[in-house]
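Peer 1: quick one, structure for this:
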Amino acid sequence: MTAIGVGLENFIASPPSSIRAKRLGLLCNPASVDSRLRHARDLLAQRLPGQLKALFSPQHGFYAEKQDNMVESGHLSDEHLGIPVFSLYGRVRRPTEAMFDLIDTLIVDLQDVGTRVYTFIYTMAYCMQAAKRLGKSVLVLDRPNPIGGHRVEGNLLHDDLTSFVGLYPIPMRHGLTIGELAGLFNAHYGINCRLEVIPMKGWRRRMFFQDTGRIWVAPSPNLPTPASAMVYPGQVLWEGTNVSEGRGTCQPFELFGAPFIDPRRLRSSLAGASSDGFRLREHVFEPTFNKWRGRRCNGFQLHVTDPGRYNPYFSTLEILKAVYACWPEQFRWKPPPYEYEHVKAPFDLISGDRQIRRCIEENASLDDLRAAWQPELKKFLDLGRRFYLYER
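Peer 2: Numbering: from 1, shown residues only. Coordinates of the predicted model:
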């Protein structure tokens, strides 16, 4: 299989004239590599000697070493290049004027995972907002959406639930690349900075990551494989509950469970639920950190058997609703804080719609709720197509 070419490789092969003699910053992390696993920092420093003046890191740190949410990283100094590494998930989450004083153009090279609640895309948005305010430009090096660019899923985020895990009204599974999202944020949601996107070569919207011919480098510690990214749009919902999403294990998000769950009872209660494209296998695990640390959790591993048919968001909602119905006394919604929001319920921030939690609590129909999402999803699809860089 011939690997697709990502924006980084196309940029290095032919740097655009817009960055000639410009002071550059680079927002990146360990997944910012080419097909030979060479890091963007080193490639830019070699290709454009003396122009790279600062590095910036998103959540989990420059080396993606911070395991959990709301674990901040500090500023560093790059020992090889002798330039600062500014953390945008520490004391501040938006770049300051002092940081941007060092650069003329910020290059963004981050691997997104196709899910609304992944903070990398909002770190990019904050940088775009700062660039507009401070007269800088932004250049995004595009990378594939690992869960495909041909499907969207879920409800759109409600305006009263905006946070660092949701700045704009997009669905949980948004179906865009990070470069396409940058275009959407900039033009439709009114950032209006000077933006340029370097597209990929060879990427098709129906590709999942395993179809790209590229090596997966974990963009964050708890998405270690393409399989974990595939289930993430649904399994991230457990973060808003007292059920473990598998953090503290070797298979985060693929695993879920809690000490109070009886897997056979749960499977029985799911007998009428859809299971298109996935299977549940009973599994016992013991997290080494996060929820239920050191406790035996009874649950399942979610195995995706057909990614083309699998609907991660709705599938996990059905499972979550069954857990609530079976163990209403033991199940809990996680209290704040969550990603720097100290008042609103974490589950509501993640799901983006308070009606979803009410539907689960009242044992109402999820199918009716999903049907109600379809008009707004269609509008988003039509909107998103305006920013497609591939297969217009």
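Peer 1: measure stretch 54-63 end to end?
Peer 2: Distance across stretch 54-63, first residue to last, is 15 Å (C-alpha to C-alpha, to the nearest Å).
Peer 1: for that stretch, give me every contacting residue.
Peer 2: 25-30, 41, 66-67, 69, 71, 73, 76, 78, 81, 83-89, 95, 99, 102-103, 106, 110, 119-120, 123, 127, 220-221 (C-beta atoms under 8 Å, 6 or more residues apart in numbering). Any C-beta I mention is one placed from the backbone N, CA and C, and that applies to glycine too.
Peer 1: show me which parts of that stretch are buried, residue by residue.
Peer 2: 54-62 (16 or more other C-beta atoms under 10 Å).
Peer 1: what do you get for stretch 24-41?
Peer 2: Neighbour-count burial for stretch 24-41 flags 24-34, 39-41 (criterion: 16+ other C-beta under 10 Å).
Peer 1: put the alpha carbons of that stretch into CSV.
Peer 2: Output of stretch 24-41 as CSV, limited to C-alpha atoms (Å, rounded to 0.1, in the frame of the first residue of the first chain):
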residue,chain,number,x,y,z
LEU,A,24,8.0,30.7,12.4
GLY,A,25,6.4,29.0,15.3
LEU,A,26,5.3,25.4,15.3
LEU,A,27,2.3,23.9,17.2
CYS,A,28,3.1,20.2,17.4
ASN,A,29,3.5,17.1,19.5
PRO,A,30,5.0,13.6,19.0
ALA,A,31,2.6,12.6,16.3
SER,A,32,3.8,15.5,14.1
VAL,A,33,6.0,13.2,11.9
ASP,A,34,6.5,12.4,8.3
SER,A,35,6.3,8.9,6.8
ARG,A,36,9.8,8.1,8.0
LEU,A,37,8.9,9.2,11.5
ARG,A,38,11.0,12.3,11.4
HIS,A,39,9.6,15.1,13.5
ALA,A,40,8.3,18.3,12.1
ARG,A,41,10.5,20.4,14.3
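Peer 1: what are the pairing partners of the lowest-mean-pLDDT helix or strand in the chain, and which direction each?
Peer 2: In the chain, no helix or strand scores lower on mean pLDDT, DSSP states H and E than strand 76-77, which sits at a mean of 94. Note on strand 76-77: by DSSP bridges, its sheet partners are strand 84-87 (antiparallel).
Peer 1: what's the average pLDDT for the partner strand?
Peer 2: Across strand 84-87, pLDDT averages out at 97.
Peer 1: residues making contact with that strand?
Peer 2: Residues external to strand 84-87 that are found in contact with it (C-beta under 8 Å, 6+ apart): 54-57, 61-62, 72-78, 95, 99, 102.
Peer 1: of those, which belong to strands?
Peer 2: 54-57, 76-77 (DSSP state E).
Peer 1: for Arg279, helix, strand, or coil?
Peer 2: The three-state label given to Arg279 by DSSP: H, G, I helix; E, B strand; the rest coil is strand.
Peer 1: list the contacts of it.
Peer 2: By C-beta under 8 Å, 6+ apart, the neighbours of Arg279 are 302-303, 305.
Peer 1: ok, and the closest non-adjacent residue to Glu291?
Peer 2: Careful, residue 291 is Lys and not Glu. Nearest non-adjacent residue to Lys291, counting by C-beta to C-beta, 6 or more residues apart in numbering: Ser244, 4.6 Å away.
Peer 1: find me the pLDDT at the one you found, would you?
Peer 2: For Ser244, pLDDT reads 98.
Peer 1: begin at 4 from now on, thanks
Peer 2: Sounds good: first residue 4 from here, last item Ser247.
Peer 1: how much space between it and His63?
Peer 2: Applying C-beta to C-beta, to the nearest Å, the value for Ser247 to His63 is 19 Å.
Peer 1: host element of Ala133?
Peer 2: helix 123-137 (DSSP states H and E).
Peer 1: give me the next element, helix or strand, following that helix.
Peer 2: Moving toward the C-terminus from helix 123-137, the next helix or strand (DSSP H and E) is strand 140-144.
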